[in-house]
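> Got a predicted structure plus its sequence, pasted below:
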Amino acid sequence: MTTKVVSSAHRSARLGLRATPEQEAMLRRAADVAHKSLTDFVLDSACLSAEQTLLDQRLFMVTGRQYQDLLDLLEQPEQVNGGLRDLFSRKAPWDV
């Protein structure tokens with residue numbers, strides 16, 4: 001994963017959040033253990049989580065058997081799908 005480290009001098013966007021006192025205390029303790037400022041710790045953690053969430057939408061881990069099953073499905077001849085034919089015959093909502 002490629003999380004970039006950005007110095008605070010280049011940061012211009014402001015984020016605000018609310019936390020319980022317990023959450024704040026835990027974040028501060030974790031930031032201290034990681035030798036980071038609270039801001040750096042929260043941003044790094046949030047960016048790592050965001051990156052993982054986005055990767056989960058593009059990267060699928062499967063077994064060798066599941067992958068072979070997919071390849072077998074892709075090799076089958078196409079089948080008529082009336083729903084898809086109808087969908088592709090309509091103008092896209094953003095082209096209206």
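Cool, the structure landed. None of the values given here were measured: they were computed from a predicted structure.
> per-residue confidence at the residue positioned nearest the centre of the chain?
Centroid check for the chain by Cα atoms, centre = their mean gives residue 54 as the closest residue, at 1.7 Å. Predicted confidence (pLDDT) at residue 54: the value is 90.
> Quickly find the element holding it.
helix 38-56 (DSSP states H and E).
> quick one: buried residues of that helix?
40, 41, 42, 43, 45 (16 or more other Cβ atoms under 10 Å). Glycine gets a C-beta too; all of them are placed from N, C-alpha and C.
> Kindly export that helix (C-alpha atoms) in PDB.
The C-alpha trace of helix 38-56 is given here as PDB (Å, rounded to 0.1, in the frame of the first residue of the first chain):
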ATOM      1  CA  LEU A  38      -2.300  13.100  17.300                       C
ATOM      2  CA  THR A  39      -3.000  14.700  13.900                       C
ATOM      3  CA  ASP A  40      -0.500  12.600  12.100                       C
ATOM      4  CA  PHE A  41      -1.600   9.400  13.900                       C
ATOM      5  CA  VAL A  42      -5.300  10.000  13.100                       C
ATOM      6  CA  LEU A  43      -4.600  11.000   9.500                       C
ATOM      7  CA  ASP A  44      -2.300   8.100   8.900                       C
ATOM      8  CA  SER A  45      -4.800   5.600  10.400                       C
ATOM      9  CA  ALA A  46      -7.700   7.100   8.500                       C
ATOM     10  CA  CYS A  47      -5.900   7.100   5.200                       C
ATOM     11  CA  LEU A  48      -4.800   3.500   5.700                       C
ATOM     12  CA  SER A  49      -8.300   2.400   6.400                       C
ATOM     13  CA  ALA A  50      -9.700   4.400   3.500                       C
ATOM     14  CA  GLU A  51      -7.100   2.900   1.200                       C
ATOM     15  CA  GLN A  52      -8.000  -0.600   2.400                       C
ATOM     16  CA  THR A  53     -11.700   0.100   1.900                       C
ATOM     17  CA  LEU A  54     -11.100   1.300  -1.700                       C
ATOM     18  CA  LEU A  55      -8.800  -1.700  -2.400                       C
ATOM     19  CA  ASP A  56     -11.500  -4.000  -1.200                       C
END
